[in-house]
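[1] Sequence below, structure please.
(2 chains)
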Number of protein chains: 2
Amino acid sequence: MPQLRIALAQVNPTVGDLAGNADQTVEWTRKAVEAGAHVVVFPEMSLTGYPVEDLSLRKTFAEASRAKVDELAKRLDDAGCGDVLAYVGYLDLDEAGPRDAAAALYRGEVVARQFKHHLPNYGVFDEHRYFKPGTTLDVVRLHGIDIGMVICEDIWQDGGPIAALGKAGVDLVVAPNASPYERSKDDIRLPLIARRAAEAGAPLVYTNQVGGQDDLVFDGDSIVVAADGRLLARAPQFTEHLLVLDMDIEAGGHAADGELAGLHVRRRVLSTEPLPAYEPLAEPPISEPLSEEAEVWSALVVGLRDYVQKNGFRSVIFGFSGGIDSAVVAALAADALGGDAVHGVSMPSKYSSEHSRADAAELARRIGAHFRVEPVEDMVKVYVDQLKLTGLAEENIQARTRGMLLMALSNLDGHLVLATGNKTELAVGYSTIYGDAVGGFAPIKDVFKTHVWQLARWRNAEAEKRGETPPIPENSISKPPSAELRPDQLDSDSLPDYALLDDILDDYVEGDRGFADLLAAGFDPEVIDRVVRMVDKAEYKRRQYPPGTKITFKAFGRDRRLPITNAWREVH
Amino acid sequence: MPQLRIALAQVNPTVGDLAGNADQTVEWTRKAVEAGAHVVVFPEMSLTGYPVEDLSLRKTFAEASRAKVDELAKRLDDAGCGDVLAYVGYLDLDEAGPRDAAAALYRGEVVARQFKHHLPNYGVFDEHRYFKPGTTLDVVRLHGIDIGMVICEDIWQDGGPIAALGKAGVDLVVAPNASPYERSKDDIRLPLIARRAAEAGAPLVYTNQVGGQDDLVFDGDSIVVAADGRLLARAPQFTEHLLVLDMDIEAGGHAADGELAGLHVRRRVLSTEPLPAYEPLAEPPISEPLSEEAEVWSALVVGLRDYVQKNGFRSVIFGFSGGIDSAVVAALAADALGGDAVHGVSMPSKYSSEHSRADAAELARRIGAHFRVEPVEDMVKVYVDQLKLTGLAEENIQARTRGMLLMALSNLDGHLVLATGNKTELAVGYSTIYGDAVGGFAPIKDVFKTHVWQLARWRNAEAEKRGETPPIPENSISKPPSAELRPDQLDSDSLPDYALLDDILDDYVEGDRGFADLLAAGFDPEVIDRVVRMVDKAEYKRRQYPPGTKITFKAFGRDRRLPITNAWREVH
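    So this is what the prediction gives:
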């Protein structure tokens, strides 16, 4: 059977950085050539980064992207990479509108150019807004092997391009992807790709983007499956990687052309002779998927790191309260950026406990962060005295004074402020806007409180396994959570027990279950009523929250869009 | 020719309030019956309000909406309104998914049920996310007249339902709409509807929603056009209205049924005999469209009023700086809610001029607002001394201290805080997040600075025409704008002249023109460079800004969605 060496370039582009992403493409293609590859496959829209959102509607950007592809074909050839068939993703524009496109570059030319057919428009995707669907399928014959391509969603939907390629006949399918991470997504992804390979009757090469982009994070996890669904190779998650493997490919010499299932198949021959037999590489390791906690932790670290770095910041600052949320954010930030880039501020008020300050200082010591103490009592006192604040107004002014203090330090020193709130707080509105919600990024915005504790324990246990100091002080994990905005305040004064609360939220928010379903699941009607009312009321606060790495299907933000003015209540 | 009396119920529903909107439907149908109407047409999704966003994906909500329509048919019959054919909009759900639906109710029954065919997915619309398209057209024969219906976008796109109805043959088309206001939209709307009436070969009855919903505002402006395109009736803009008119309708006795242009036409006969001849009403007045400034002013007033009231607030609070922005917001708020619901706070710092305080007090006196002075010097001093703030950090802490002060007063007294920033500031990032950007609603978010001045002059002139005191002190209009955050600061220190700046922004933001186009338009390259860089950099701030009434196609917010992490620069 004809042989072919294929490289999957699992890279981390930056949205909008056409020049940088083009350089990255040259660099990684060169690596692929050095590894002896005949084909290299980059992710979906690898030249523009994904998702470009309304940049797709900017003519100057689309034109620059189109020009960059042609230029890249020549550049690769000049760099001695002309003989490798390189699949790159980019934004195209023609008379019908913008296109989510992939091009095959070979010997200084664009030898194939295909537009995504299925445009997802659910969850975080708005592609009907951004692109027009493609109707052609480009099959290229290289060394006698017919290679077809499909882009991302084209493998997620039944029917369409894959079925058409199966009918037309191809020997190999490459699939550039930008498929955002979600907890346990690999459980769905691998069987799906195996099914599509069977439909196409050919092995499938799936290259996924890696890295963070605003609230999305891409996990990589690029894979190659055989036509019979067998997993042949898998790249590691959450890291740039060049996965290279040799394949023996059954080459059919297919010739069918023209219209198939509404798609137009176009064929182009680059070379017909199979490669002379060569000694294949050792089979590449099939990377083991990360454990569930390791996977989530990596997603949060990478999402935070890329948000900070891609936006041009070098350091972060936030309140070290001694509580579990800020401790987990600190450990994440230290893993993402190094302890020296982390600036913790303890901001005690008259209601702060002594252990809060001690736990905060201990946290800073363990992760090697900068640490300072800035009491807020004097600022708070001026507001309280001048405006005669009491009750909620007095509680909120403490949180807000801290937010302003952090922003002032950010203005002085250029650190990015992080908001340390978790998904449970955000869901029920247990936070102060312009207070603890202040920040440019909210790393654990999509992590329920009970999950925050689990992650803390997992991260500490990992450190112990490696013989390192666990980053999170035990006391921050074990003490009862408190906002410390009035004497002896505990979260449990205002909220149901977190285990129960998160259970209901998981059903109501993630599962979209209604009141009757929640009752049937055995929850107490009064507690459901209380929780659901809090969630329904908190939409406005959630709108004002900074972005944060998404790890679930229903993260607040891009993929849950409710009106602010909204009189619908699940509970009447 | 057979006669028919038609009522257009131009109502203002609240999103999600199924019970309240159903009550509203009964009340307005009763008014139509009292006026002797045979048909009454409500706007698109009048039972749920529009747009419902992700509520469309909530099964419990869709089921409640569906049930409400059946219940409403019976309720109307019980209320003695069974003999009027009532078209109401609602959210349906079937095995294919959620539907943007309209139902015809008659004698206690749903006699027709049609789903929107064309789903807009541009600008503020995301309907591919929310609905599945319909494929049927329901034609009902009432008193011998064949009435077809189309929903909103179905008249905005070429081909499709209207063309199919034209082929099938109908005598009258009703078109429930929820078409958001945009400056000068009527210039497009009327010729379009006239063209569609010609395509359908029948008069067209277009009922549009009125009122504010988050950042959208609907202007009503419901119209009826004859088959030859003649305007027969028009409702006033920005106010609830029942428009009633008698029509002589050519009834063709059409019978074509079945598939037409991929749509399935279904006919149902309610009554075949034309009505006995009756004395028609006097022709209804054709409301004159408002002048351009009056139209924008009304949009801003209604948008603000409905945001406040539909969210359950009764009063607003914001900083009265003495400048033009807060003065215009104050005049809008007084027009929307009455002066007694407006609370102005002058918050002088050591850099505030004496005239600022005097102009603020004069503004409050003119509009009858509550007014207090709360100096921020003491709060600012604590921050500046404790953190040794200078430069930008010192400027920002003043703005932020004011934001916190307003939020504290909001917490004490329950007023909604308004942000007074304009579109120019927002475009170039000339505002302080957590400072002057604080608030639940930003009334002039979509109004460029030069337009703010125009509106101020227009509103004062209107007052003078009516013999009233002009609300805005002349001094606030004429003085050079300043943020007063450092000694002798003027906006012109940091920004190009506003007339020039707004011209460039209009081209770059509204017109989506690129650098080369701006050069060709004659702008100085250095100024373009400076402005475009400011706009490109300010995306993050714009994300954090509260919602505000949209009056242009490219308002910041719903209809301009750029990544935060974005290395693309129009200028390189």
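[2] need the contact list for the spatially closest residue to residue A:463 that is not a sequence neighbour.
    Once flanking residues are discounted, residue A:463 sits nearest to residue A:470: 4.5 Å by Cβ to Cβ, 6 or more residues apart in numbering or on different chains. C-beta coordinates here come from the backbone N, C-alpha and C atoms, glycine included. Residue A:470 makes contact with A:366, A:459, A:460, A:461, A:463, A:464 under the criterion Cβ atoms under 8 Å, 6 or more residues apart in numbering or on different chains.
[3] where does the stretch 101-250 of chain A dip in pLDDT?
    Under the criterion pLDDT under 70, no range of the stretch 101-250 of chain A is flagged.
[4] Let's see that with 80 instead.
    In the predicted model, the stretch 101-250 of chain A carries pLDDT under 80 at residues A:157-159, A:184-187.
[5] Then chain A?
    In chain A, residues with pLDDT under 80: A:157-159, A:184-187, A:252-258, A:260-261, A:557-560, A:571-572.
[6] Which parts of the longest helix belonging to it count as buried, going by neighbours?
    Longest helix in chain A, counting residues (DSSP state H): helix A:391-413. Of all the residues in helix A:391-413, those buried under the rule 16 or more other Cβ atoms under 10 Å in any protein chain shown are A:393-412.
[7] what does stretch A:508-520 give?
    For stretch A:508-520, burial by neighbour count (16+ other Cβ under 10 Å) applies to A:508, A:509, A:510, A:512, A:513, A:514, A:515, A:517, A:518.
[8] wait, the third one sits on residue A:554?
    Yes. Using Cβ atoms under 8 Å, residue A:510 is in contact with residue A:554, at 4.8 Å.
[9] shouldn't residue A:308 be in contact with residue A:316?
    Yes. Between residue A:308 and residue A:316 there is a contact under Cβ under 8 Å: 6.2 Å.
[10] Please say which of those two ends up with more neighbours.
    Between residue A:308 and residue A:316, residue A:316 has the larger neighbour count (other Cβ atoms under 10 Å in any protein chain shown), namely 29 against 25.
[11] I'd like the distance between the more buried one and residue B:533.
    25 Å (Cβ to Cβ, to the nearest Å).
[12] Which residues of the stretch 1-150 of chain A lie near chain B?
    A:14-18, A:20, A:51-55, A:57-61, A:121-122, A:126, A:128-129 (Cβ under 8 Å from any Cβ of the partner chain).
[13] How about the stretch 251-400 of chain A: which residue is closest to chain B?
    Relative to chain B, the nearest point of the stretch 251-400 of chain A is residue A:393 (3.7 Å; Cβ to the nearest Cβ).
[14] Could I get the contacting residues of the closest residue to that residue other than its chain neighbours?
    In this structure, residue A:393 finds its nearest non-sequential neighbour in residue B:411, 3.7 Å apart by Cβ to Cβ, 6+ apart. Contacts for residue B:411 (Cβ under 8 Å, 6+ apart) come out as A:389, A:392, A:393, A:396.
[15] can you tell me which of these lies nearest to residue A:241?
    Closest approach between the contacts of residue B:411 and residue A:241, by Cβ to Cβ: residue A:396, at 46.8 Å.
[16] which non-adjacent residue is nearest the residue positioned nearest the centre of chain A?
    Geometric centre of chain A, nearest residue: residue A:217, 1.1 Å, by Cα atoms, centre = their mean. Distances taken as Cβ to Cβ, 6+ apart place residue A:303 nearest to residue A:217, at 4.1 Å, with adjacent residues excluded.
[17] pretty sure residue A:118 is in contact with residue A:157, am I right?
    Yes. With contacts counted by Cβ under 8 Å, residue A:118 reaches residue A:157, the gap being 4.4 Å.
[18] now stretch A:217-229, how far from the chain's geometric center?
    With Cα atoms, centre = their mean, to the nearest Å as the basis, stretch A:217-229 stands 17 Å off its chain's centre.
[19] That one: which residues count as buried?
    A:217, A:218, A:219, A:220, A:221, A:222, A:223, A:224, A:225, A:226, A:227, A:229.
[20] Secondary structure added to these, as CSV?
    CSV is the format used below for the buried residues of stretch A:217-229 (DSSP: H, G, I helix; E, B strand; the rest coil):
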residue, secondary structure
A:217, strand
A:218, strand
A:219, strand
A:220, strand
A:221, coil
A:222, coil
A:223, strand
A:224, strand
A:225, strand
A:226, coil
A:227, coil
A:229, coil
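[21] is the host helix or strand of residue A:380 anywhere near chain B?
    Using DSSP states H and E, residue A:380 sits within helix A:377-387. Yes. Counting by Cβ under 8 Å from any Cβ, chain B is contacted by helix A:377-387 at A:378, A:379, A:382, A:383, A:386, A:387.
[22] isn't the residue nearest to the centre of chain A right up against residue A:549?
    Yes. The criterion here is Cβ under 8 Å, and residue A:217 meets it with residue A:549 at 5.3 Å.
[23] What's the local residue count around residue A:255?
    For residue A:255, using other Cβ under 10 Å, the count is 9.
[24] Tell me which residues touch it, please.
    Going by Cβ under 8 Å, 6+ apart, residue A:255 touches A:169, A:267.
[25] swap in residue A:5?
    A:35, A:36, A:37, A:38, A:39, A:244, A:245, A:246, A:247, A:280, A:281.
[26] For it, give its distance to chain B.
    33 Å (Cβ to the nearest Cβ, to the nearest Å).
[27] Sheet partners, orientation included, of the strand or helix carrying that residue?
    Assigned by DSSP H and E, residue A:5 falls within strand A:3-10. Strands flanking strand A:3-10 in the sheet, each with its direction: strand A:39-41 (parallel), strand A:241-248 (antiparallel) (DSSP bridges).
[28] about what we covered before: by neighbour count, which of the residues of helix A:377-387 next to chain B wins?
    Within those, most neighbours by other Cβ under 10 Å means residue A:379, with 29 neighbours.
[29] who touches that one in this structure?
    Contacts of residue A:379 (Cβ under 8 Å, 6+ apart): A:401, A:404, A:405, B:379, B:382, B:383, B:386.
[30] got any residues that touch both of residue A:308 and residue A:316?
    In contact with both residue A:308 and residue A:316: A:337, A:416, using Cβ under 8 Å, 6+ apart.
[31] what about the closest residue to residue A:113 other than its chain neighbours, how many neighbours?
    Once flanking residues are discounted, residue A:113 sits nearest to residue A:103: 4.9 Å by Cβ to Cβ, 6+ apart. Neighbourhood size, residue A:103 [other Cβ under 10 Å]: 25.
[32] ditto for residue A:257
    So residue A:257, with other Cβ under 10 Å, has 12 neighbours.
[33] what's the answer for the one 3 residues further on, then?
    Close neighbours of residue A:260, defined as other Cβ under 10 Å, add up to 17.
[34] What of the one 10 residues further on?
    The local packing count at residue A:270 equals 19, with neighbours defined by other Cβ under 10 Å.
[35] again with residue A:537
    14.
[36] Name all residues that make contact with the residue nearest to the centre of chain A.
    Residue A:217 neighbours (Cβ under 8 Å, 6+ apart): A:180, A:181, A:211, A:238, A:299, A:302, A:303, A:306, A:549, A:550, A:551.
[37] rerun at 7 Å
    Contacts for residue A:217 (Cβ atoms under 7 Å, 6 or more residues apart in numbering or on different chains) come out as A:180, A:181, A:299, A:302, A:303, A:549.
[38] Confirm that residue A:102 sits in a strand.
    Yes. Counting by three-state DSSP, residue A:102 is located in a strand.
[39] who's in contact with it?
    Shown in contact with residue A:102 (Cβ under 7 Å, 6+ apart): A:87, A:88, A:89, A:114, A:149, A:151, A:176.
[40] Out of those residues, the closest to residue B:327 would be?
    Among the contacts of residue A:102, and counting by Cβ to Cβ, the member closest to residue B:327 is residue A:89, at 50.9 Å.
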